[in-house]
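Asks: Sequence isn't available, so here's the structure alone:
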């Protein structure tokens, strides 16, 4: 479940040390600024789009073929492609000239927690602001074309049910529609040319515990989305859904919780359905069109310590799992549980879909399926899908375990069976009673900021943290007043494990070897790779950076004054490549960060 207390209390401690919160000042911007756009005009909340005197004339409707094989000039979804790579084949900006980047324009974004992704098509940027505000912006000038502000219940009505209703990470585009999920539990579509409402469909009453902070992907004409879910709405609120992207008609909904009497229902012991709480899918899924499978990651149960539920011997499916769903029906085709979670170290993050030779190096990889034929090309699902810094590689057709290893120091997992993928938890970190404290390391190695994969060298890159916690169990039984039933306090790493607290780490998808790590004090945020040989990413000290993909060398850096809170994207308009970056408040940052959108390019 994605929740301010959930993320802030566990990730901010120890991660934000020595961060510098700066305001953007004219002295910084003046030598960079080539062109400036004013902040969005104040508009009374409503459902009508803003006509700013500009119009979108040339707009090509977006098809499934375009989404599944996107034009390099565009950025049509959360991580640009349905395989969640976060990679662009553009190379106009490259290792030789990246240090010449200059700001082209900037504009203010709306108030609230800002973790948006710029969606780009036909030279127009569509940007999700906090509080379900969507803007269409001319990329070359930075001029606002239209703005749509969704009419929402009052904040005082939303927050008691949903602690972070302002988060709005991503949009989807299909035909001539911009599609999003809302803080009041709708999925809706806007006319991409005008910003006017086209359709909206209620998913659930927002007072029943379902909550969206991420938008959908488009899979063969369907808008597929996940959500977080509070205990008071469980298990009915813990669902993944598909809607017709053209009309909004619901096609299917699938629960993330195995119910009594269903397959795997016994994994919750004798707990009633009404007692099975909080298995969310609050980030964006991946999709393989060839296999027609959608891949979701799931979160922790509530509470986290399993002795408070049916006992430590149960698995509580499908929490902390990868779920592969038939895109047409929503049926769960296979699942793999990465970890039975006792500490709120959940697994909802991006799944990278890669076709690769599989040759894990035994000197670098801790757990390997002995039946692997080294060098065999497989369709894999890989990455670091959860907060623990554990790399998992699975066969994405079947869910077969291939290999896993730790990218950061950890003491949570003592063993993984190579043939079955069954995970054994270190008994020293298991809770058995209220008031018990355990020393847990590696459980908060990453958060919602995404990694990236480059097909140019078959390497994945992740923003990672190194830390330990003393975690204390605080419940004797589940309670609506105590969501996770734990309290965590940041601790130093044990002797011999000392290192910089944060890094960008490069890992071979084929061998599992760590190739390099760029280390620093500040927390690294979402990464973007390009065929220009670059890794772009910012941090919570306001520094936006470009690294050499092959070496980790720092090639470019600019101080934007606030946490780089959004997902960076890159695209071209009229033959010129641009880089978009957004800053602001996030679940990694404090209230003083400024919400701004920046666009960079090379000098003409």
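Replies: Received the coordinates, thanks. Fair warning: this is a prediction, and the values are worked out from it, not measured in the lab.
Asks: Make sure residue 169 is actually in contact with residue 119.
Replies: No - with contact defined as C-beta atoms under 8 Å, residue 169 does not reach residue 119; the gap is 11.2 Å. (Each C-beta comes from the backbone N, C-alpha and C, glycine too.)
Asks: From the chain's centroid, how far away is stretch 499-506?
Replies: What separates the centre of stretch 499-506 from the centre of its chain is 19 Å, taken as C-alpha atoms, centre = their mean, to the nearest Å.
Asks: neighbour count winner among residue 169 and residue 119?
Replies: A direct count of neighbours by other C-beta atoms under 10 Å for residue 169 and residue 119 places residue 119 higher, at 27 against 24.
Asks: Could you check how far the closest residue to residue 293 other than its chain neighbours is from residue 152?
Replies: Once flanking residues are discounted, residue 293 sits nearest to residue 324: 4.8 Å by C-beta to C-beta, 6 or more residues apart in numbering. Per C-beta to C-beta, to the nearest Å, residue 324 is found 34 Å from residue 152.
Asks: thinking again about what came up before, quickly run through the sheet partners of the host helix or strand of the residue nearest to residue 293, with directions.
Replies: Residue 324 is part of strand 321-326 when elements are defined by DSSP states H and E. Sheet pairing of strand 321-326 (DSSP bridges) gives strand 293-297 (antiparallel), strand 332-337 (antiparallel).
Asks: May I see the buried residues of that strand?
Replies: 321, 322, 323, 324, 325 (16 or more other C-beta atoms under 10 Å).
Asks: Ok, stretch 494-510 next?
Replies: 501, 502, 503, 504, 505, 506, 507, 508, 509, 510.
Asks: Residue 147 contacts residue 131, doesn't it?
Replies: No - using C-beta under 8 Å, residue 147 is not in contact with residue 131, being 11.9 Å away.
Asks: Between the strands paired with strand 321-326, which one is closest to residue 312.
Replies: strand 332-337 (14.5 Å; C-beta to C-beta).
Asks: Specify the next element, helix or strand, located C-terminal of that closest one.
Replies: strand 352-358.
Asks: Which residues does that following strand contact?
Replies: 82-85, 286, 288, 295, 372, 374-383, 393, 396, 402-403, 451, 453, 455, 458, 460, 509-510 (C-beta atoms under 8 Å, 6 or more residues apart in numbering).
Asks: try 6 Å this time
Replies: Applying C-beta atoms under 6 Å, 6 or more residues apart in numbering, the external contacts of strand 352-358 come out as 83-84, 286, 288, 372, 375-383, 396, 402, 453, 509-510.
Asks: before we move on, what about stretch 266-282?
Replies: Outside stretch 266-282, the residues touching it (C-beta under 6 Å, 6+ apart) are 1-2, 213, 226, 228-229, 231, 234-235, 238, 240, 256-260, 296, 298-299, 301-302, 310, 314-317, 319, 348.
Asks: ok, and for stretch 82-90, which residues are buried?
Replies: 82, 83, 84, 85, 86, 87, 88, 90.
Asks: Sorry, wrong one. I was asking about stretch 241-260.
Replies: Buried residues in stretch 241-260 (16+ other C-beta under 10 Å): 241-243, 245-246, 248, 251-252, 254-258.
Asks: mind putting the residues you listed in JSON lines, pLDDT and secondary structure included?
Replies: Conversion of the buried residues of stretch 241-260 to JSON lines gives the following (pLDDT from 0 to 100; DSSP: H, G, I helix; E, B strand; the rest coil):
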{"residue": "241", "pLDDT": "98", "secondary structure": "strand"}
{"residue": "242", "pLDDT": "98", "secondary structure": "strand"}
{"residue": "243", "pLDDT": "98", "secondary structure": "strand"}
{"residue": "245", "pLDDT": "98", "secondary structure": "coil"}
{"residue": "246", "pLDDT": "98", "secondary structure": "coil"}
{"residue": "248", "pLDDT": "98", "secondary structure": "coil"}
{"residue": "251", "pLDDT": "98", "secondary structure": "strand"}
{"residue": "252", "pLDDT": "98", "secondary structure": "strand"}
{"residue": "254", "pLDDT": "98", "secondary structure": "strand"}
{"residue": "255", "pLDDT": "98", "secondary structure": "strand"}
{"residue": "256", "pLDDT": "98", "secondary structure": "coil"}
{"residue": "257", "pLDDT": "98", "secondary structure": "coil"}
{"residue": "258", "pLDDT": "98", "secondary structure": "coil"}
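Asks: I appreciate the help and will end here.
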